[in-house]
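Asker: Kindly generate the corresponding structure for this input.
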Amino acid sequence: QVQLVESGGGLVQAGGSLRLSCAASGRTFSNYFMGWFRQAPGKERDFVAAIRWSGSWTYYADSIKGRFAISRDNAKNTVFLQMNSLKPEDTAVYYCAAASSEPAHYYSSRGYENWGQGTQVTVSS
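Answerer: Numbers count the residues shown, from 1 in each chain. Below you'll find the predicted structure:
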């Protein structure tokens, strides 16, 4: 298993930016398929973005496409989520997730075995 710790959340005004980080420890991070999900109060956990082990392929939810960017630094065992042009509807707890092999459905939380504790992102209007 791999242990995940998110950081970088906070309070930001609409239109602002945040950069989330997810530090991994344990098994070989570079072998893992990584994803970001988010969960707003009273709602289900939704897919945000994912990245293959090499970083060569990325996937995004339609709701954030063009505003968010996922990247990874395998040398530092870290995956990032750069969030720009934030909107109040982006307010949620953001979770980092890891899968030991690329999930058949990368947008489903069921495909990931390891999860971080989450970091709160609040966007004020």
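Asker: Okay, buried residues for stretch 40-56 please.
Answerer: Neighbour-count burial for stretch 40-56, counted by 16 or more other CB atoms under 10 Å, picks out 45, 47-51, 53. For glycine as for every other residue, the C-beta is placed from the backbone atoms N, C-alpha and C.
Asker: Out of these, which comes closest to G66?
Answerer: A49 (11.8 Å; CB to CB).
Asker: What is the burial count for the residue lying closest to the closest one once chain neighbours are set aside?
Answerer: Leaving aside its sequence neighbours, A49 sits nearest to I70 (CB to CB, 6 or more residues apart in numbering; 4.0 Å). I70: 22 surrounding residues under other CB atoms under 10 Å.
Asker: Where does I70 fall, secondary structure wise?
Answerer: Per DSSP states H and E: I70 is located in strand 68-73.
Asker: All good on my end, thank you.
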